[in-house]
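Asks: build the 3D model from these lines:
(one chain, ligands or ions: 1)
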Amino acid sequence: MAERLGVAIIGTGTIANAHMRSLEHHAPACVVGVYDVLHDRAEAFAKKWNIEVVASDLDKILHRSDVDAVIVSTPPFAHMGPTIAALEAGKHVLCEKPFAFDPAEAVKMTEASERTGKHLAVASARQRCWAASRKAQELASSGELGDVYHVRSSAFRFRGRPGIDILRDTHWFIDHARAGGGALIDIGVYQIDALLWILGNPKVTSVLCSTRMGIGSPAPAPLVQDVEDHAVVMFTCEGGKSGILEITWSSNMSNVNQFLVFGTKAGLKFSPLTMTAPGPYNQLRPVEQKILDVTDEDTSGFGDVSQQFVDAILAGKVPHTPARHALEVTRVMEAAYQSAKTGHAVSLA
Ligand SMILES: NC(=O)c1ccc[n+]([C@@H]2O[C@H](COP(=O)([O-])OP(=O)(O)OC[C@H]3O[C@@H](n4cnc5c(N)ncnc54)[C@H](O)[C@@H]3O)[C@@H](O)[C@H]2O)c1
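Replies: Below you'll find the predicted structure:
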């Protein structure tokens, strides 16, 4: 087994820097080259991070023998092309979120991974790398919570519209044609993945969604925002399980985020991870709450997903973030947008 994994990065913008911060001191990874459609950007990135190769086209970087794996960190409209090309060139891939615009694209990418036998990991499952999420999933899957029948995530930004309030130079985020949607496809995909994972990845049977745009002052001209700021999604699954997700880029709300897991024996809430269960029968203390000893230190880290990807590939294991699960997230996301458009629940049964 190789001791170091040769990595290439495709797309050298904001998140590529987070991948580099994570991999820079991670000895098993060696970032050997980069490619960006904007060559100057790739050159500046390579200089900043001391990376040897700046490829002049995608094919050249994908066919290097010292590249074993590729991180695709382009915007959503440019995920499918480089991902499939890299898999077909025999490289393992970590693709940024959102995996794909729609399930048809996600199927093509997943099938390319299965056809070539190369791993395709997807960053929509980033939250699976957090210590608290892993502990919660371990408790849920071990049966310690009983039957986990409902999960709920509320994640509200006050003013956090990328392209307007944050990341002000990155305008594709608010353009439907290039981003595929707003808050839901951008950050809701993390929550959908985490909720389904903690439920045990059951089959989703129906999705109901409502979206809203226009919270906060409009995008300054000539920018135009044609994607949602706010989304509420409820989904039902086989086995009578359900989930609710509230996600915003912009709201008049702050510091009220929640991640809740409901089991028949015990429940969990995050930050800090706390287990709630019936106490010994006693009217004064009918409820017992225990703060679990896990450190949440990496919950703001974008990069741990790349370390986990590198380590899994070198160890011959499946990364935490498999494409089949990202495909399900894409199906739920598309059904949610369809439901928001029609005002009716969408059946996926
Ligand atoms: N910015 C964040 O905080 C953040 C966080 C998590 C995930 N992501 C995801 O990472 C991806 C990239 O986001 P970003 O913020 O880094 O965007 P960005 O616009 O800062 O960078 C994207 C880079 O990709 C390049 N590019 C575009 N098309 C390309 C192509 N076909 N081939 C090669 N390079 C191409 C662009 O020139 C640009 O340099 C998105 O899918 C986004 O959702 C971003």
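
Asks: only C-alpha atoms from now on, for both contacts and neighbour counts.
Replies: Noted.

Asks: which SSE is residue 154 in?
Replies: strand 148-156 (DSSP states H and E).

Asks: can you tell me what sits against that strand?
Replies: Strand 148-156 is touched from outside by 140, 191, 195, 198-199, 240-251, 253-264, with contacts defined as Cα atoms under 8 Å, 6 or more residues apart in numbering.

Asks: the residues you listed in helices, which ones?
Replies: Counting by DSSP state H, these place 140, 191, 195, 198-199 in helices.

Asks: what residues does the stretch 101-250 of the chain have near the ligand?
Replies: Applying Cα under 6 Å from any ligand atom, we find that the stretch 101-250 of the chain lies next to the ligand at 170, 186.

Asks: so which residue is dead centre in this protein?
Replies: Nearest to the geometric centre of the chain sits residue 124, at 1.7 Å (Cα atoms, centre = their mean).

Asks: please look at residue 139 and residue 145 and confirm they touch.
Replies: Yes: assessed by Cα atoms under 8 Å, residue 139 is found in contact with residue 145 at 6.4 Å.

Asks: longest helix anywhere in the protein?
Replies: helix 323-342.

Asks: and the helices in the protein, which stretches?
Replies: 14-23, 39-49, 58-62, 80-88, 103-116, 131-142, 176-179, 183, 189-199, 304-314, 323-342.

Asks: now what about the shortest one, what contacts it?
Replies: When contacts are defined by Cα under 8 Å, 6+ apart, helix 183 is touched by residues 227-231, 247-249.

Asks: if we use 6 Å, what do you get?
Replies: Residues outside helix 183 that contact it (Cα atoms under 6 Å, 6 or more residues apart in numbering): 229, 248-249.

Asks: give the contact list for the closest residue to residue 322 other than its chain neighbours.
Replies: Distances taken as Cα to Cα, 6 or more residues apart in numbering put residue 121 closest to residue 322, at 5.0 Å, once the chain neighbours are dropped. By Cα under 6 Å, 6+ apart, the contact set of residue 121 is 94, 321-323.

Asks: one more: residue 323?
Replies: Remark: with contacts taken as Cα under 6 Å, 6+ apart, residue 323 is in contact with 110, 120-121.

Asks: one more time with 8 Å
Replies: The contact partners of residue 323, by Cα under 8 Å, 6+ apart, come to 110, 120-122.

Asks: surely residue 88 touches residue 112?
Replies: Yes: counting by Cα under 8 Å, residue 88 does reach residue 112; the two are 7.2 Å apart.

Asks: ok, these two, which is more surrounded?
Replies: Counted by other Cα atoms under 10 Å, residue 88 and residue 112 do not tie: residue 112 has more neighbours, with 20 against 17.

Asks: list the contacts for the more buried one?
Replies: Neighbours of residue 112 in contact, by Cα under 8 Å, 6+ apart: 84, 87-88.

Asks: where does this protein dip in pLDDT?
Replies: 1-2, 282-283, 296-303 (pLDDT under 70).

Asks: ok, now which ones touch residue 171?
Replies: Counting by Cα under 8 Å, 6+ apart, residue 171 makes contact with 162-164, 223.

Asks: what subset of those is buried?
Replies: Buried members of the contacts of residue 171, scored by 16 or more other Cα atoms under 10 Å, are 162-164.

Asks: let me have those in a markdown table, extended by distance to residue 211.
Replies: As requested, the buried ones among the contacts of residue 171 are exported to a markdown table (distance: Cα to Cα, whole Å):
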| residue | distance to residue 211 |
| --- | --- |
| 162 | 17 |
| 163 | 19 |
| 164 | 19 |
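
Asks: just the ones in helices among the contacts of strand 148-156 now: which is nearest the ligand?
Replies: Nearest to the ligand, judged by Cα to the nearest ligand atom, of the ones in helices among the contacts of strand 148-156 is residue 191 at 13.1 Å.

Asks: partner strands of the strand holding residue 154, with direction?
Replies: With DSSP bridges as the test, strand 148-156 is paired with strand 241-248 (parallel), strand 258-263 (antiparallel).
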